[in-house]
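Student: Everything below, folded, please.
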Amino acid sequence: MTTPAGDELAVGDEIEVVVGPVAHGGHCVARHDGRVVFVRHTIPGERVVVRITEGGPGDRFVRGDAVEVLEASEHRVPRRCPVSGPGGCGGCDLQHVSTEHQRTLKAQVVVEQLQRLGGVEREVVVEPLGDTDGLAYRTRVEVAVGREGGGTPFVGLRKHRSHDLVPITGCPIAHPRVDEGIAAAAQEAAEGGLEDAVAVDVVAASGEEDVALVEVGPQGRAQRITLTERVATPTGEREMSVDARGFWQVHADAPRAFVEAVLEAAQVQPGERVLDLYSGVGLLSLPLAEATGPEGQLLAVESDPLALDHLAENLAEQRQAVVVPGRVDDLLGVPRQGRRRGQRGGRAPARSQLLPPSADVVVLDPPRTGAGRGVVEALLAMRPRRLVYVACDPAALGRDTATLRAGGYELDALRSLDAFPMTHHVECVATFVPAG
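Tutor: Next up, the predicted model:
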């Protein structure tokens with residue numbers, strides 16, 4: 001077989017490469033005749049055969065899957081899932097890597113993103129949470145509903161960067177209760193059910209005996225179901241309400257771990273004013289309000305209608321807590337960024353009087369895209385003594401770190417939590433303080 005030149009690579013071509021470093025996004029970087037190739041299902045240092053899956057002549061880079069391992073890494077293990085790997089389910093990037101080495105690779109990504117985008121050199125250790133070697137941890141899984149030949153429904157998960165489905169009846173990273181729910185949904189589909197559904201959310205809330213199966217129709221239409229989650233806080237176990245389709249940490253041990261990490265980072269003192277931005281249903285708001293005490297103040301900012309009612313309910317007994325509905329950028333008077341190339345941001349709204357001019361502690365847990373320069377600069381104007389940034393994307397954390405450093409704050413502490421084993425995702429809790 002003739003090996004194509006680097007600038008001639010196209011979908012379907014197969015090449016032999018030695019794999020380079022891990023990169024952000026669940027792949028590693030290799031080169032072929034100088035052409036950058038992003039390769040999935042491999043480990044740095046391996047020699048593999050790569051089949052090109054995306055890209056062609058003229059593109060800056062191409063993507064591919066390692067379809068044959070010629071020289072394996074010592075960290076390679078058999079995949080834990082029968083539908084993972086090239087051409088299979090796209091949910092798990094690292095099924096072929098030992099759980100311990102997965103954390104090493106994730107730490108390398110966090111280090112690289114902080115250094116390249118944030119200008120910060122920092123050693124990183126990714127901490128494990130309470131799971132069974134990276135398996136059986138996920139309390140929420142959405143399975144899509146497909147039709148075989150347009151006929152009998154089945155449930156499955158999507159292939160990588162594709163709308164195509166891989167049929168499943170269970171999932172190794174799902175909590176055992178969720179696994180039972182997936183099997184029940186698969187059985188219902190096989191028996192001719194789920195005719196009007198495009199997806200099913202399977203949720204095992206810690207405060208519920210039964211697993212919730214929520215059928216999702218076209219345009220995301222679904223019945224609203226309120227579930228109860230139990231959360232350990234320093235003052236005892238608390239019950240919190242959340243919509244079955246609302247945001248909640250998916251790892252069974254993540255709520256406990258995040259509450260502990262954020263409280264440790266924030267070091268809230270009684271009587272202080274605390275802002276909790278992008279607060280969801282209040283997983284962090286409740287313990288932060290308890291920490292500031294009856295003489296302090298906790299302002300929880302959230303825009304999602306699914307979350308707001310539950311947020312108010314979960315904070316109802318905290319008289320020092322105030323729920324502020326709205327988008328963080330709008331309330332801070334920051335113009336929204338255009339969502340499409342060439343689209344300009346809208347006119348800046350007036351800064352809301354509901355937000356105070358200053359705060360002792362700011363906690364934010366923004367979406368994957370990060371808080372952004374405008375929001376970060378508005379928070380810097382409040383001059384908090386501590387700013388705690390919960391990040392689900394190392395690149396976004398790196399970009400916002402650069403803005404914080406330019407505004408006179410420095411990275412004081414960083415913890416990284418392995419809240420998504422078998423995938424490339426990692427959560428960070430970063431603490432910033434005024435420089436000097």
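Student: which stretches of the stretch 151-300 of the chain form strands?
Tutor: 153-158, 165-167, 199-203, 212-216, 226-233, 236-243, 273-277, 297-302 (DSSP state E, counting those that start in this stretch).
Student: avg pLDDT for stretch 262-277?
Tutor: Across stretch 262-277, pLDDT averages out at 98.
Student: hmm, who's touching that stretch?
Tutor: Contacts to stretch 262-277, defined as C-beta atoms under 8 Å, 6 or more residues apart in numbering, come from residues 234, 282, 284-285, 287-289, 291-293, 295-301, 328, 355-356, 358-366, 382, 384, 386, 388, 390, 413, 415, 429-431. (Glycine included, C-beta is placed from N, CA and C.)
Student: and the residues you listed, which are buried?
Tutor: 282, 284-285, 287-289, 291-293, 296-301, 328, 355, 359-366, 382, 384, 386, 388, 390, 415, 429-431 (16 or more other C-beta atoms under 10 Å).
Student: Next step: the residues you listed restricted to helices.
Tutor: With helices taken from DSSP state H, the overlap with the buried ones among the contacts of stretch 262-277 comprises 285, 287-289, 291-292, 328.
Student: picking that back up, ok, which of the strands of the stretch 151-300 of the chain comes nearest residue 91?
Tutor: When the strands of the stretch 151-300 of the chain are compared for distance to residue 91 using C-beta to C-beta, the nearest one is strand 153-158, at 5.5 Å.
Student: I'd like to know which of the strands of the stretch 151-300 of the chain is closest to residue 181.
Tutor: Closest to residue 181 of the strands of the stretch 151-300 of the chain is strand 199-203 (C-beta to C-beta; 3.9 Å).
Student: Adjacent strands (with direction) for the closest one?
Tutor: Pairing partners of strand 199-203, with direction, according to DSSP bridges: strand 140-147 (antiparallel), strand 212-216 (antiparallel).
Student: would you turn those into a markdown table with mean neighbour count, distance to residue 186 and mean pLDDT?
Tutor: Below are the strands paired with strand 199-203 laid out as a markdown table (neighbours: other C-beta atoms under 10 Å; distance: least, C-beta to C-beta, whole Å; pLDDT from 0 to 100):
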| stretch | mean neighbour count | distance to residue 186 | mean pLDDT |
| --- | --- | --- | --- |
| strand 140-147 | 20 | 8 | 96 |
| strand 212-216 | 19 | 11 | 97 |
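Student: Please convert these to TSV, extending it with distance to residue 370.
Tutor: Output for these, formatted as TSV (distance: least, C-beta to C-beta, whole Å):
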stretch	distance to residue 370
strand 140-147	23
strand 212-216	28
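Student: of all these, which lies closest to residue 321?
Tutor: strand 140-147 (25.9 Å).
Student: quick check: angle from the closest one to strand 153-158?
Tutor: For strand 140-147 against strand 153-158, the angle by axes from the mean of the first three to the mean of the last three C-alpha atoms, to 10 degrees is 120 degrees.
Student: Restricting the selection to alpha carbons, write strand 140-147 to CSV.
Tutor: Provided in CSV are the C-alpha atoms of strand 140-147 (Å, rounded to 0.1, in the frame of the first residue of the first chain):
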residue,chain,number,x,y,z
ARG,A,140,-27.2,10.7,34.9
VAL,A,141,-27.1,9.4,31.4
GLU,A,142,-29.1,10.5,28.4
VAL,A,143,-29.6,7.8,25.8
ALA,A,144,-30.8,8.7,22.3
VAL,A,145,-33.7,6.8,20.6
GLY,A,146,-33.1,5.6,17.1
ARG,A,147,-35.0,3.5,14.6
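Student: Name the residues that touch it?
Tutor: Here strand 140-147 makes contact (C-beta under 8 Å, 6+ apart) with 153-158, 165, 167-168, 171, 174, 178, 181-182, 185, 189, 194, 197-204, 216, 248, 250.
Student: Please apply the same query to stretch 192-209.
Tutor: Stretch 192-209 is contacted from outside by 139-145, 152-153, 155, 174-175, 177-178, 181-182, 185, 188, 211-218, 222, 227-230, 239, 242, 244-245, 252, using C-beta under 8 Å, 6+ apart.
Student: Low-confidence bits of this protein, can you list those?
Tutor: Applying pLDDT under 70 to the chain picks out residues 1, 150, 337-348.
Student: Which parts of it are helices?
Tutor: Secondary structure of the chain (DSSP H): helices located at 99-118, 176-190, 254-266, 285-292, 305-314, 328-331, 373-380, 394-406.
Student: Show me what counts as buried in the third one.
Tutor: Judged by neighbour count (16+ other C-beta under 10 Å), helix 254-266 contains these buried residues: 254-263, 265-266.
Student: Could I get the contacting residues of residue 29?
Tutor: Residue 29 neighbours (C-beta under 8 Å, 6+ apart): 19-23, 36-39.
Student: Just give the number of residues close to residue 369.
Tutor: Neighbour count of residue 369, defined by other C-beta atoms under 10 Å: 11.
Student: gap between it and residue 62?
Tutor: 25 Å (C-beta to C-beta, to the nearest Å).
Student: List the single closest residue to residue 169 in space, sequence neighbours excluded.
Tutor: Nearest residue to residue 169, sequence neighbours excluded (C-beta to C-beta, 6 or more residues apart in numbering): residue 186, at 4.5 Å.
Student: Quick check: that neighbour touching residue 154?
Tutor: Yes. Residue 186 is within contact range of residue 154, at 7.0 Å (criterion: C-beta atoms under 8 Å).
Student: Can you check which residues contact both of those two?
Tutor: Shared contacts of residue 186 and residue 154 (C-beta under 8 Å, 6+ apart): residue 167.
Student: Show me how this protein divides into domains.
Tutor: 6-76, 108-131+251-337+346-434, 140-225 (automatic domain parsing).
Student: Just send those domains back as a markdown table, with distance to residue 93 too.
Tutor: What follows is those, written out as a markdown table (distance: least, C-beta to C-beta, whole Å):
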| stretch | distance to residue 93 |
| --- | --- |
| domain 6-76 | 3 |
| domain 108-131+251-337+346-434 | 5 |
| domain 140-225 | 8 |
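Student: circling back: which one among the buried residues of helix 254-266 gets closest to residue 128?
Tutor: Among the buried residues of helix 254-266, and counting by C-beta to C-beta, the member closest to residue 128 is residue 257, at 9.8 Å.
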